[in-house]
Structures are given as structure tokens and as C-alpha cells.
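Peer 1: coords below, sequence missing:
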């Protein structure tokens, strides 16, 4: 039985549905729904590798709205959309009229007449990104119910202030591939730790996404960061509850060594303290350049106290058999390569480089699965038709 | 009989052809040709709603050239192109070499080797937009006749200094849907009025497009604006002649109340006086920033004398049974919402909000119809093949 | 027998393969491989003209990376990609994170998970463009071998510091069309000459591409430029060797008249001296604005000594029967049209204008052939399937 057929069977057995639902936060979804995403993503990857067409849309737009620079996520969204038959249309706020007082409600409808999916990245302003996505979603609901829209596009969170679900799901799928199954993740220790970077203002969504998701699969999640580098308290609380419910654990601490000790998986990554992001949000809103410069200066000075938070060969030796798997959402700040001193020692990164690429390689399929499951009532049926239709992706 | 089949029959009966023709001004087209556009647009919408594929192009580019910011029209053009199977390629003059002395003639050919449609928005410079489109069209004719181009792309006016045909046609189709038929529009009163906005320099193409088009369907068109806020005299003259020929009327006045009185339809919208646009064009050409600032100041001061030109609940009461339909090309300047005081009272806009969205929703289909009728000799035959081919837009 | 079938037979007879290979320099390819590109391009054009679909890809991205402004090449790449069924995704370094220290290796993989082709234009920095393309290619090899990428995208050089193969191949195909066959080019004299332009810093890749390619087809290639306006010495040396091996000749000189005398083909075009490009590269790297201004001033002053290097009617009279064919990559600096005094007299350009457009018209098909031959093992088989499949490009 092909890999695709196997995944189709799994999808049928799951009996979960994401039809008509947006993908904004992993913790809004049930375990079965998350497994549905993974099975659909794996089926799409299987189809791709056997040169099968995955075009379930004959036409349709996929709108991308990026409030921040991005290469990886932009290409992942473009790849996912293209794979399914959709065409990306950027909503560029520089070019568009959004900046000129147009309401979110109106714009959401105006861009959606023939649109099947909307991918949004909005991670700069704490308290704003997720809220904005909910506003867009409500406007689409309103437009669809009123007969303005002939279909309800799926909204996919490509990174917000709270969660980064396409990243976290790609990370999880990579761990599943690496360890062989979700079951094999149970009881594993994962260290989600802060790491030093000579920059500041990196979003919280990656560590939050990781502790919010990995605690649901029976893992022992160890969050570690220097004092003051807190995440959003609600998300930390959620991780704690998740862990309790799945037989896993969730601990927090202020020692990278402690987190690394005996870990199966390490995810060392820089982020800005929650309170700094709050101040930064206010300063950005007020367009207070001097304030922003002052904040940056303070933060970099504070960061500099923690250059020891680097994923070195020595620290890797603390992990299980000295051989934990290293994760990163990329790009990493590699000491001596991309900066003088950073998140990870060059020799460590180099050993795991290809693995981090494979980790990232799941993202297009994760996004495609989020779109497909939201727009099709019967994903298994769709995948079966695609597989049996036998239309090749490349002729010949 | 399905909606699509009905429209195909209508198209056959019309016996009109737009094959090989550009869509630049509605008044260049016969009534039968305008009805052809509407029938094809309705057939495409019908096909879309019954999940049928409208891809009549297997490949091909649709070039978009925007000389002005745009969200709506950009997405409408992208949606229309995608619906038919074309891929949008932006001709960005910032990125391209047009600004560097390249002739229009050469560029028009260079971007058209495998191109099926070119959508142009050029509404900033009075006397320039329509002229530019004619130049592009002539260059394409030349290239096609000389064997440079294997096909002659359709040029679609996405807004020029004179007309905004995709908007006006969408407005007309919405009125047709709302009132049930074109026949039901005969004898209706439509008030195309200026309205106050705390901005200046809004193009004349919308009011001109409306008076140029609606006067051809037996309506009573009332144009009203404060003294000095004239439209291009030629277009006003044309509206007058149209009305006479169709049993309708065309009147002009300087009172919003008079225009609204007993109106079936109101379209209150800000624009800059014709003479201001002329001065502005010269200043823009001369890159005279101080002059532009001075002009803006003068105009805003002049506008401020007419804040009473607001579509209020009180004014709406003057209309037929107090229940005229409110039109707007969006975005509207809504008092207390998008600005302190603007074109329309918030409660009025809110009551008609969903209807204005539906009005806008016709635009992608209008544009698609303009492309399809220009590039295919037998639109009815194409639509029949699409409908009978039965390829679904979404699988499953 | 149709034109397409004829080309398919030629492809089979050639017995050459470019499968899995990038197209970076024409001189890396054998004559049979170049003829393969031409035959595939001609087959694709034939297919296009008989309204046949050339979509050999059902989905897939074509990444475009332009380090310089471009209209023609951008549209040629977009047209070629679209023709084959691929969707262009721009890698905009302004928007992306490349500028922020990300390694080429990582980015090359991150943008390639579902990518079939990468087109790169990088001609500003002498010594950098070709090197960069080799780096990207090596990263893709690495990613493909490691299982990161499911396929190895084709890299196509859309202009580098050394060669401009899509231009030179389009030029060659146009000459082949014009003179009837490649055989008919043997013994022809082609004058590749510098010409005056009131600008500076134009890349060397066009003249280098021409002398590197045309010397391989038994032509007499005459390179002429004012003293000091040298090309990269290695490429000149290569042209000399090519000519010797094919029964042609390669001469260099400092007289436009001598080069034009009895020429069958003339290609008068401005470029910056090799040594100037070296200095400019250093200044650009050091972001030395004053240095760049000073260099520009010097160069323009030096250029001004050679305004006599203009392709005038008088100079055209020196050519074979006064009727040589005039080539240009466009846009040309036309005296009295795009500048006061430039590369070519207006009446000369005007006589050859349509021909230069036709010359350019080969570029999309040349690029499409480079992608198709790199990604498909059996191009003849693919073209046969497309031709026999009979799917129309336009319905009806």
C-alpha cells in the first residue's frame, strides 16, 4: 500500500473535521484535528514524491498579507498554494489602501470575492496580531452569510503575536518523522530555551507555539530563559495545563544547562522579553523613534549579560547520550558565521544543518493541509481522487 | 434551465461581438455590446456558483499596470484573470525601465509576447490616461500586424482620467440585479452627486462613468455638485445626448436636495473640480511640490464650504419613499468612522454596507467578461464548452 | 509534417541531453546541446502558434531573483514559466531576509522545496554574478543529495557579469530564422561594436555573450571598441579559440568603420570598460557614493570623446550591400529619441525596429527550452505528448 493510501486510511479513521475552520492557534484544535493536518500533509508529500498532481482547486486566489519581512514563510505559503492550484496575490499595504483608513471588514470582503485562502503574518505588535486575524475571520463570516462572498476563504495564521502554528506543526511533523511516530515522542524531554543573540525584538510566537503544542503529546517540556525573559503568562499557564492532561510535564527554569540535561530535543532560540514587547508595541504605535532606539540600547545591554546562553558542543554533551536533536526555525544566529557570537556554535549548527532544512521542508505541506482541510468537507475523498486520477505533476 | 444556459441563449440572441476590441470607454460600445458583457459576466458568475471551471485559457499572462494605489481594482483584475486561467504579471514602473525613457511602443510589445490581456489604471493626469491606453493599443496593433506578437492582447481600462468602465458596468449590473432587469431601470431617477470629503484630488472618472453609462438605459440622471466642481465638459455633453436618445433625461444642478428628491438611486461621492485636476496635472508634471501643497490647501478650504453635501438620514428621506438604493465605489468617507465628517452619515452607510459590497462583487466578473469577449470569437460557444465540460473548480 | 513534429525529429537526431544541468554560460554547452535548446524553443513556439498547450508542469514554482531593474527579462522569464505551467515567485531581497546575513546555501534550499526553476539576474558586480550562481547551484546539489529537496531546480542565468545566454541564444535563433538556417550563418561577418551612449556602467555580458557564442558557428566576428573599452580578457581569449576551431575568424580593432565594412550583421551597443567595472564593483561594495559619482563623471567625460561611434545611415552603407541586419538587445539609445545623441541614428533604428522586436520575441521560448531540457529527461517525448495530447491553449 502506498504512503498516500495509508494516510488516507488514517484520515478516515480519525473522523475529525476542520471544514470551514480557520487555523489560528494549535490549542484551539483537538488532538484528532492536529493529527488530521499531519496525515493530510503527509499524504500531500507522498503524492508529490510520486509525481502526482495535488491540484484540488482549478482556480482561486490565495491572498498573502505580511506585516513583516519574510522569505521562508512567504515561499512556504506560495508553495502550498501553488501545490493545490491556487494563485498567490499579495495584499501589500504599501501599495494598497489599507493604510488610508479603510476598515478591516471592508478590505477582507473586497479581496475575497474569488479567494479560497488568506495567509496572514502579523507578529510585531503584542496584543494585535491574533486579534486582527479574528477580525478578518469575523468579516469573512459576515460577508459569506450575507451572500457577498460565494465561499468562505480559510484564514491561516502565518505567525502572530501569540502562536506560530505552521512552524510548530512543521516542527512536530519533523519530530514525528525523526522519531518514527507520535507515540515515540511520549516521555521525551524537549528543552525550549532562550539563547543569546546580538539583536532584539524577536517575536515570542516560536517558543510559545512550541510549549503550547509539544505539551499535548506527552512530552516533558522544559522552558528555560534568563530572569525577565518571560513569555505571555497565559500561554505558559496553558502549557502547564496541557502537560498535566497528557502525562507529560512542563517545567520552567533559569538554567540552560538544567534544561539541556538529558534532553532528547533542544530548541535554543532568542526572543525578547514579554514586557519589552509590550513597551515596544506602545512605542511603535506612537512612532516614537527615540524611545525605540533607547529601548533597543537597553535590551542589547541586557542581552549581553547572557552571552553564555549559547548552544555549544559542551552544552550538547549534557543532552541524552550527547546526541539530542537540535531544532531551529531558521535563520539561526550562528557564532562566527552570521554574527560574532550568537545562539549556536558553528560546529553544532553545521552537524544539524541538513536536519533543520528538513524540519523547514514540512512547512509548505503543513500549510497546504490547513487550506485543504478548511475548504473541503471530505479531505480523504479529495486525496483519493487526486491519487486515483493519476494526473502527473510533471508530464512524461 | 440553469442560469448559465439562460445567459448563453441571451448572448446568442444579442448577435454582438467585441472580438479583438479593447474596453476603454463604455460610450464606445453599442447597447448590444454592453449587454453582451453583462450576459457573459452573469454566465461566469453562474458557472462559478455551480462550482464549474471557467478556465478558457490554459496558459497566458495578464499584465497589470497601476499608476496609482489600488486594492479593490487590483484584486478584481487578479480575480478575473485567475478565473479565466491567466496569470497576473505586474508591470511595476518602479522596478521596470519605463521610467528610463523607453518608448511606450516598445514596452507594449516586450511585455506582450505571451500575453492575453493588459489592464491599465492611469487616472492621475487629466488628458493623459485615456491617451496612454490608446497609445498602448496602437502599439499592440502594430506588433500584431507585423508578426511580432502571435496574438493581440485585450486592453482593459481599469480607470482612466475620463471613464471607469469596470466600475460603471459593475454598478449597472448590481442595479440590474437589484431591480430585476435592465427594463426595470427605465424611468428611474438616479442622483449622481458630489459629496464632501476632507481630502482632495479624487478622480472624475466615477461620476463621468456613471452619467456616461446610466443615461443610455432610459434613466433620469441628475448630476449635482457645488458651483465650480464641474466634470469634463465633453462627457457632460455626451450624457445629455445619450439621455435624449433613450427617453431618459439628464439634468444638472447645484443642490443635493433637489437631486435626491424622489430619486430611486443615489450615488453621493467626492471628486475634485475639473479645473483643479488640470492645474494639478501641470503641477505634478512639473514636480512642483510647493505648488501642489498650495493647491491642496486652497482646495481643502474650498471643500470646507460644502460640508453640508453629506448623505444624511435626513437627505435620504427626500428620496422615493425614503428608500432609494445607495451606491458607492468604495471606500466611502464615512462621518465619524473613516473621518470626522465625510460623504455619508454612519447609520446610512451601515444600512447599505452589505449592498455596496455586492455592488463591488460584480467587478471581477465584469473584467473577466471584457477579457473573454475580446479574446474569443464565440463567447457563447466557449461558455457552453465550459459548462458542458463539467470540470469542477473544486474537486470532490 | 508540422513544424513541431519536424523539431521533435531534430531533437531525437541530436541525441544530446541537458537533463539536470543548469544554463549559466553558452560556452559550457556543446554545439549539439545549443541546437537542442533551439529545437525545443522552436517546437514550443510552433506549439504556441497552433494553439497547443505546452504545460508540462501541473504545478511548481519558478523563482525569479533580480539584482537589477528589468522589464524585458522579467517578462520573458514570467512568460516562459507560465507557458510551461510554472508560477513565478519573486525573491525580493528588499522584502526577504537575504540582506540580513542569511547564507546563500540556506536560502537556496528554503525557496526550493516545491521549485522547478530559479532564474537569476546578477550583473552589477564584476566577478560576483557567475560566482553567485555557482554557489546557488552547489547549494541545490547539496540539498537534493541530502534529501532536503524532492527535485533539483534548474538554474537559469538571466544575465551575469560574464554572459547573457538567454539574450545571446535569442539573438542566434533570430539570425537562424532570418538567414534560414544555422548553416547559412557560416562565413557571415558580424560586427560586435561599442557605441556611444550618454550613460555609463552598462554591463559587458551582451558583447561577451555574442563573441562567445557567434564564434562557434563559423562566423567572422569583428569586435571593435575605442581603446580602453576592453571586455574581460578571458572571454576574448575564448572567442579567439572558438573561431579557430569552427573555420570562422575573430578579430579585434578600434574602428567602427572597419568592423562594419562588408558586415552581414551589426550589433552596435554601449558598454563600460572592463577596468571601470572593476573599480565600480569595489566602490559599490564599499558603498562609496562620492567615489561612484567621481567615476561616473570621469567615464561620461571619456565616453564623450567617442560620440562618433554611432550607427548612422552612413556607417550602414559600409555594410554588405548597405543592408546588414541590425541587432540590439533593447532598449537602444536612439539619437534624438531616447537621448540627444546615442548608439543609433533614428532612421536606422526605425527601419529595423520591428526586427529587433522579433529578435526579443525568441527570449521567452529560449528560457522555456532551458527549463524544459533541464527538468525532463526526454524533451522529444514531452513535446510529442503535448502535441498529441491536443489540449488547446485557448478553448474553442
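Peer 2: Here it is on my side, so go on. Values in this document were obtained by computation on a predicted structure and should not be read as measured data. Residues are numbered from 1 along each chain as shown, chains lettered A, B, ... in the order given.
Peer 1: what about the nearest residue to residue A:157 once chain neighbours are set aside, neighbour count?
Peer 2: With sequence-adjacent residues excluded and distances taken as Cβ to Cβ, 6 or more residues apart in numbering or on different chains, residue A:157 is closest to residue A:24, at 4.6 Å. All C-beta atoms are positioned from the backbone trio N, CA, C, and that covers glycine. Here the neighbour count serves as a burial measure; for residue A:24 (other Cβ atoms under 10 Å in any protein chain shown) it reads 21.
Peer 1: Same check on residue A:279?
Peer 2: Each residue near residue A:279 was counted by other Cβ under 10 Å, and the total is 18.
Peer 1: what residues are up against it?
Peer 2: Residues in contact with residue A:279, defined by Cβ atoms under 8 Å, 6 or more residues apart in numbering or on different chains, are residue A:295.
Peer 1: doesn't residue A:164 make contact with the residue nearest to residue A:157?
Peer 2: No. Using Cβ atoms under 8 Å, residue A:24 is not in contact with residue A:164, being 11.0 Å away.
Peer 1: Look at stretch A:211-224 and report the distance between its end residues.
Peer 2: End-to-end span of stretch A:211-224 (Cα to Cα, to the nearest Å): 11 Å.
Peer 1: what's the average pLDDT for that stretch?
Peer 2: Average pLDDT, stretch A:211-224: 98.
Peer 1: same thing with stretch A:68-85?
Peer 2: In this model, stretch A:68-85 has an average pLDDT of 93.
Peer 1: What residues of it count as buried?
Peer 2: Counting neighbours by 16 or more other Cβ atoms under 10 Å in any protein chain shown, one finds that the buried residues in stretch A:68-85 are A:70-85.
Peer 1: Could I get the contacting residues of the one residue in the stretch 151-300 of chain A that gets nearest to chain B?
Peer 2: Residue nearest to chain B within the stretch 151-300 of chain A: residue A:151 (8.5 Å; Cβ to the nearest Cβ). Contacts here follow Cβ under 8 Å, 6+ apart; on that basis residue A:151 touches A:115-116, A:144, A:375.
Peer 1: Confirm that it sits in a helix.
Peer 2: No. According to DSSP: H, G, I helix; E, B strand; the rest coil, residue A:151 belongs to no helix; its state is coil.
Peer 1: Could you measure from it over to chain C?
Peer 2: Noted for residue A:151: a distance of 21 Å to chain C, by Cβ to the nearest Cβ, to the nearest Å.
Peer 1: any idea how far that residue lies from residue B:386?
Peer 2: The span separating residue A:151 from residue B:386 equals 19 Å under the rule Cβ to Cβ, to the nearest Å.
Peer 1: burial measure for the residue lying closest to residue A:67 once chain neighbours are set aside, as a count.
Peer 2: With Cβ to Cβ, 6+ apart as the criterion, residue A:67 has its nearest non-adjacent residue at 4.4 Å, and that residue is residue A:122. The number of residues packed near residue A:122 is 21, by other Cβ under 10 Å.
Peer 1: Pretty sure residue A:122 sits against residue A:161.
Peer 2: Yes. Contact between residue A:122 and residue A:161 holds when scored by Cβ under 8 Å: they sit 7.5 Å apart.
Peer 1: Can you confirm whether stretch A:386-396 lies near chain B?
Peer 2: Yes. Legend: contact between stretch A:386-396 and chain B by Cβ under 8 Å from any Cβ of the partner chain is shown at residue A:386.
Peer 1: thinking again about what came up before, can you pull the residues that touch both of residue A:24 and residue A:164?
Peer 2: Joint contacts of residue A:24 and residue A:164 (Cβ under 8 Å, 6+ apart) are residue A:157.
Peer 1: how does chain A divide into domains?
Peer 2: Taking automatic domain parsing as the reference, chain A has its domains at A:3-163+A:363-389, A:167-360.
Peer 1: Need the distance between the two termini of the first one.
Peer 2: Start-to-end span of domain A:3-163+A:363-389 (Cα to Cα) is 16 Å.
Peer 1: Now find how far off-centre it is within its chain.
Peer 2: 13 Å (Cα atoms, centre = their mean, to the nearest Å).
Peer 1: For the residue nearest to residue A:253 when sequence neighbours are not counted, give me its contacts.
Peer 2: Leaving out its chain neighbours, the residue that sits closest to residue A:253 by Cβ to Cβ, 6+ apart is residue A:224, at 4.8 Å. Contact criterion Cβ under 8 Å, 6+ apart gives A:191-194, A:252-256, A:258-259 as the residues in contact with residue A:224.
Peer 1: Can you show me the strands along chain A?
Peer 2: Taking DSSP state E to define them, one finds strands in chain A at A:61-66, A:87-90, A:115-122, A:154-160, A:189-194, A:220-224, A:249-253, A:265-269, A:325-326.
Peer 1: Just send the contacts of residue A:151 back as CSV, with neighbour count, distance to residue C:330 and pLDDT too.
Peer 2: Supplementary listing: those in CSV, determined by neighbours: other Cβ atoms under 10 Å in any protein chain shown; distance: Cβ to Cβ, whole Å; pLDDT from 0 to 100:
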residue, neighbour count, distance to residue C:330, pLDDT
A:115, 25, 37, 98
A:116, 27, 39, 98
A:144, 17, 48, 98
A:375, 24, 44, 98
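Peer 1: What parts of the stretch 101-250 of chain A come near chain C?
Peer 2: Taking Cβ under 8 Å from any Cβ as the criterion, chain C has no neighbours within the stretch 101-250 of chain A.
Peer 1: for stretch A:247-260, what is the average pLDDT?
Peer 2: When pLDDT is averaged along stretch A:247-260, the result is 97.
Peer 1: Just the buried positions in it, please.
Peer 2: Neighbour count says stretch A:247-260 has A:248-250, A:252, A:256, A:258-260 buried, by 16+ other Cβ under 10 Å.
Peer 1: Run a quick neighbour tally on the spatially closest residue to residue A:264 that is not a sequence neighbour.
Peer 2: Using Cβ to Cβ, 6+ apart and skipping the chain neighbours, the partner closest in space to residue A:264 is residue A:188 (4.1 Å). Other residues within reach of residue A:188, judged by other Cβ under 10 Å, total 21.
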